[in-house]
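Enquirer: With the input below, show me the fold.
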Amino acid sequence: MLDLSRILGRFSRKKAPTTLITSVSIKYMGEKHGLEGMSTNRSVFELKIPFQNKRGGDMLADNLKRPELRVEAVKVSTPFELVGVSPRLPISVKYRESALIRLSIRAPEYGYAGPIELSFS
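Expert: All right, here's what the predicted structure looks like:
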């Protein structure tokens, strides 16, 4: 008897190797920030970066404000590859406002365990 599941299995998509990101390190304007890691078995995955224009201890009066923060480019560390950014760059984030930057990143073609570094400029 013909085993159809075995034949169809030959044509199924190859499963991407597991990528274990132990930590996410973000560099912007000389400062480092961090996010928790993640695990994925997708060849292209999404990483959401919350971006806020306000310091934690900001005690400026309401009539004073900081300049807009501008993000013009994003780089990811090897062995990862940046595939897309949403919203489209460049973006400006006004004082006391925030933006969610979605990065589409291609994982390495082999099993990976370690950190990922992002540089915003």
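Enquirer: hey, let's count contacts and neighbours off CA atoms from now on
Expert: Will do.
Enquirer: which stretches of the protein form strands?
Expert: Secondary structure of the chain (DSSP state E): strands at 19-28, 31-40, 44-52, 69-71, 74-76, 81-86, 91-93, 98-106, 112-120.
Enquirer: who does the second one pair up with?
Expert: Under the criterion DSSP bridges, strand 31-40 sits next to strand 19-28 (antiparallel) in its sheet.
Enquirer: Now do the strand it pairs with: distance to the chain's middle.
Expert: Remark: strand 19-28 is offset 8 Å from the chain centroid, using Cα atoms, centre = their mean, to the nearest Å.
Enquirer: Equivalent analysis for stretch 99-117, please.
Expert: 6 Å.
Enquirer: And stretch 66-73, by the same measure?
Expert: So, by Cα atoms, centre = their mean, the centroid of stretch 66-73 is 18 Å from its chain's centroid.
Enquirer: Kindly report the same for stretch 26-42.
Expert: On Cα atoms, centre = their mean, the centre of stretch 26-42 falls 7 Å from that of its chain.
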